[in-house]
Structures are given as C-alpha cells and as structure tokens.
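Colleague: Here is my input; please provide its structure:
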Amino acid sequence: MVEHGAENASTGENRANPTRMLEVRNLSISYGSKSALRDVTLDVRENEIFGIIGPANSGKTSFLRALNRMDVFTPGMNVEGEVLVSGKDVRSWRNLYALRRRIGVVFPLPVGLPMSVYDNVALAPRLSGIKKKAVLDVIVEKCLQRAALWDEVKDRLHSLGSLLSGGQQQRLTIARALSQDPDLLLLDEFSIAVDPVTTMRIEDILKELRKETTIVLVTNLVQQARRLADRTAFFLMGECVEVAETEDLFAGGVQDQRTREYVEGRFG
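Modeller: The predicted structure follows:
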C-alpha cells in the first residue's frame, strides 16, 4: 500500500502533523478460511472525510465492520491487527455499547426502528441515561436539524419512522447515529437506496458534519468520493492499494497503475 500527499498546500493547512482520529495497523480479516482483507495500514485524520473506493468484494464493508467490532456478531469473522480510535484499541473496550457511542454507523439501506421518529433519535440518549424530556427534546431537534430532516418531520415526530419516504428514513438513520455524538461516523454506501436529489442533500449534510466529526465513507461511486473526500483509499481484492489526497488521485497523481485504471473507469 502506498500513501502520499501528506501536504496539501492548496488548502493552506498544515498537515505535517495531523491529529489522527483512527489508526489501523496490519489489519487482516477472514471469514473461516476465506481472506477478505490483508495487512491494511492507514490513518484517518480528525475532521476529515476519508473515502474508500473499490469494486465489489474488495473488503470495504469488512473494513468498516472491524472498526466498531461488528465482528462480535458476525459468525466466522476473524480480525487480526490493531484498530485505534483516539489512541485506544477498539478491542480493549469491554463495553461495546460505549464503543459504539463513539462510532456511529449508517448502513446502505435505511434501518428505521419500529418506533416513532422522536423515539428513533431519542433511543441512544435514553440508553446512556438521559431521561428528562426537555433534554431529549433538544437532542432530537438538534440531530434532526443536522440531518436536514427537522422541517419535514417536526409536525409528525410521534408518527412511525417507517412511514417516512426512503430518503427521509436514510436521513433519520443519520440523525439516530448523530444522537450518540460520535467521534467517528461510518457510512457504507449511504446513497444506494435513495434518489439523486436526496443523495445530494445528504452529501451537503456530510460536508457540514465534517466540521465537528470525522467521517469514513465507503462508496462505489467514484465521483461521490471525488466530491466529498479529503483523502481516498483504493481497495482491490482485499488489499489497500493506495491512499492519496483525493484530487491527486483523480488528477493522475497516483503511484499505482491499478488505481489509475479504476478511477478512469477501465474496470470495476
């Protein structure tokens, strides 16, 4: 795996010593005897959108699963190597719920819980011990605002979340993830089941969220990575081929021919 582009003079930002939110060291993942990811080492900086692209079966989703310990609930999934969030190994957390409060996840398909819009967003704060309705009201409104959904649902907060449109349900999923106030937000093909207009709205949300959280974005849409990601990793057949500043990656400033061929659409 090759990583370059540590300095980005065009932004005027000093990235010589960026704060690392996520550090992955020699990560390998297998399902039984089948290898899904091999010896991946990379860093994700605080308050960046980090894109991961690559064709199907490249190990992208398995990578996300390892970050918040979904392997615990995946039979046969074996994880080796280190995953550090804010310097702490995720495998050292005995309380997985506490870990997942730090790491929010948005899945490809909207997963609305069988409860009201309000209760979808209030669930995690309640589980963390917040009981006062006035406090919950503030959290719910704030998270729905951040997910660009408040204006559409404020008059039906106590209706079932499952009655919302697909795009609204996906934004509700984002609001629910944000209700945990995560340090790290993982998105796995968030736009696969929503229309282009909703996709662009969510992309605008992510650009704003980058100011207060760190985002890892897995996408099969290479142009989406180009629009959103500060840096992008290219995964291929279980290998992290390359990590680069996104504009370098798309402008031809990459070091691996396979990366160049993928972003130019020659395969995948």
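Colleague: The residue nearest to the spatial centre of the chain and Q145, how far apart?
Modeller: Among the residues of the chain, the one closest to the centroid is L186, at 1.9 Å (C-alpha atoms, centre = their mean). Using C-beta to C-beta, to the nearest Å, L186 is found at 21 Å from Q145. Where you see a C-beta, it was placed from the backbone N, CA and C, and this is true even at glycine.
Colleague: okay, the residue nearest to S191 when sequence neighbours are not counted: pLDDT?
Modeller: Nearest residue to S191, sequence neighbours excluded (C-beta to C-beta, 6 or more residues apart in numbering): T199, at 4.1 Å. Looking at T199, its pLDDT reads 89.
Colleague: count of neighbours near T199?
Modeller: Neighbours of T199 under the rule other C-beta atoms under 10 Å: 17.
Colleague: you'd agree it is in a strand?
Modeller: No: counting by DSSP: H, G, I helix; E, B strand; the rest coil, T199 is not part of a strand but helix.
Colleague: Can you verify my assumption that it contacts I192?
Modeller: No: contact criterion C-beta atoms under 8 Å: T199 and I192 do not qualify, at 9.5 Å.
Colleague: What are the buried residues along the helix or strand hosting D151?
Modeller: Using DSSP states H and E, D151 falls within helix 150-153. Buried residues in helix 150-153, defined by neighbour count with 16 or more other C-beta atoms under 10 Å: 150, 153.
Colleague: Quick check: mean pLDDT of it?
Modeller: Helix 150-153 comes out at a mean pLDDT of 96.
Colleague: which residues touch that helix?
Modeller: The list of residues contacting helix 150-153 from outside it, by C-beta atoms under 8 Å, 6 or more residues apart in numbering, reads 117, 141, 144, 159, 164, 168, 172.
Colleague: go on, stretch 103-119?
Modeller: 64, 67-68, 85, 90, 120, 123, 140, 144, 153, 156-162, 164, 166, 169-170, 172-174, 176-178, 180, 182-190, 192-194.
Colleague: and what of stretch 61-72?
Modeller: 22, 24, 27, 29, 36-37, 40, 52, 74, 77-79, 83, 85, 90-91, 93, 96, 99-100, 103, 105, 184, 186, 188, 216, 218, 235.
Colleague: Tell me the buried residues within the residues you listed.
Modeller: With burial judged by 16+ other C-beta under 10 Å, the buried subset of the contacts of stretch 61-72 is 22, 24, 27, 29, 36-37, 40, 52, 77, 79, 83, 85, 90, 93, 99-100, 103, 105, 184, 186, 188, 216, 218, 235.
Colleague: Now do the buried residues in the helix or strand just after the helix holding D151.
Modeller: Sequence order places helix 166-178 as the next helix or strand after helix 150-153, per DSSP H and E. Neighbour-count burial for helix 166-178 flags 167-178 (criterion: 16+ other C-beta under 10 Å).
Colleague: Likewise for stretch 106-113?
Modeller: Buried, per 16+ other C-beta under 10 Å, within stretch 106-113: 106-108, 110, 112.
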